[in-house]
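Peer 1: fold the following and give me the result.
(one chain, ligands or ions: 1)
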Amino acid sequence: MSPEQDPVKLMKQQVGKAAADRVKSGSIVGLGTGSTTAYTIQFLGERLKSGEIKDIKGVPTSFQASVLAKEYGIPLTTLDEIDHIDIAIDGADEVDPHKNLIKGGGAAHTREKIVDCLADQFIVVVDGSKIVDRLGSTFLLPVEVMPMAMTPVMAAITKLGGKPTLRMGVKKAGPVITDQGNMVIDVKFDAIDNPAELEKTLNNIPGVLENGLFVGVADVILVGEIKDGQPVVREIS
Ligand SMILES: O=C[C@H](O)[C@H](O)[C@H](O)COP(=O)(O)O
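Peer 2: Numbering: from 1, shown residues only. Next up is the predicted model:
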């Protein structure tokens, strides 16, 4: 590995490719969102173009995934046109020892949860920095909320012990707006002791569309790491 190469980028590339290599001809593939799955979509497109695999269809989890799939020549479909998803490949912001996740760093967790939960196999692609002992230790928990309910939802989250912040745009004045036209509240919890319970509790607040806790959904975690100066992929299953 030459010193000018960014190790995080190398890990993401390697793990994104490892996941793309698992896709078989004829599969319906959930296409995740983020910088890691962007490599998966790129490598999938390259495998299709070279003829190594054929007849795959992608189900995008975001506008970003849809744009990338078109760029790399992956035919797209929708949930109205299919009755199953063979495999979904998606990134994560945190992964705990039970393969539970926090997602939504790109504000795409609502569509991601729909697609990833439907897949027969859900593969998560992350670099080593995403592995944590406890969810919430390095990343705030994203909650998608309907704009008119933002104030009462923030109050309800505060009552639950969370510290909510409205996610603001970068190079855009005002809040981040999701692909569904909603807003995202990032919540700091001192400790997420029971992710399954918190996932349900948050989704029960009127006005909340979905939160970024993915509990019991991931089948396989592929972790990109650097060993002896080289990018390698470790599998947790
Ligand atoms: O909303 C975005 C997603 O949940 C991403 O999959 C997640 O934030 C990880 O993204 P990245 O691979 O860029 O770290």
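
Peer 1: if I look at the residue nearest the centre of the chain, how far off is the ligand?
Peer 2: Residue closest to the mean C-alpha point of the chain, counted by Cα atoms, centre = their mean, is Gly91 at 4.0 Å. Distance from Gly91 to the ligand, counting by Cβ to the nearest ligand atom, to the nearest Å: 3 Å. For every residue, glycine as well, the C-beta is placed using N, CA and C.

Peer 1: go on, Val125?
Peer 2: On the measure of Cβ to the nearest ligand atom, Val125 and the ligand end up 7 Å apart.

Peer 1: in what helix or strand does that residue lie?
Peer 2: According to DSSP states H and E, Val125 maps onto strand 119-127.

Peer 1: tell me the buried residues in that strand?
Peer 2: 119, 122-127 (16 or more other Cβ atoms under 10 Å).

Peer 1: re the thing from before, mind checking pLDDT for the residue nearest to the centre of the chain?
Peer 2: Looking at Gly91, its pLDDT is 98.

Peer 1: that one contacts Thr37, correct?
Peer 2: Yes. Taking Cβ atoms under 8 Å as the definition, Gly91 is a contact partner of Thr37 at 5.1 Å.

Peer 1: got the angle between the lengthiest helix in the chain and strand 119-127?
Peer 2: For the chain, the longest helix by residue count, based on DSSP state H, is helix 35-50. Helix 35-50 and strand 119-127 are oriented at 120 degrees to each other (axes from the mean of the first three to the mean of the last three Cα atoms, to 10 degrees).

Peer 1: quick check: what element follows helix 35-50 along the chain?
Peer 2: That would be, after helix 35-50 and using DSSP H and E, strand 57-60.

Peer 1: please state the offset of that following strand from the chain centre?
Peer 2: 15 Å (Cα atoms, centre = their mean, to the nearest Å).

Peer 1: what's the next secondary structure element after that strand?
Peer 2: helix 63-71.

Peer 1: next, count neighbours for Pro206.
Peer 2: Residues lying near Pro206 (other Cβ atoms under 10 Å) number 10.

Peer 1: one step back: tell me the strands beside the strand holding Val125, with direction?
Peer 2: strand 85-90 (parallel), strand 220-227 (parallel) (DSSP bridges).

Peer 1: how far does the helix or strand following it sit from the chain's center?
Peer 2: Where DSSP H and E defines the elements, the next helix or strand beyond strand 119-127 is strand 141-145. Relative to its chain's centre, strand 141-145 lies at 13 Å (Cα atoms, centre = their mean).

Peer 1: give me phi/psi at the residue nearest to the centre of the chain?
Peer 2: Here is the backbone geometry of Gly91 (degrees, to the nearest 10): phi -90, psi -180.

Peer 1: quick revisit: ok now the longest helix of the chain, how far from the chain's centre?
Peer 2: With Cα atoms, centre = their mean, you get 16 Å for helix 35-50.
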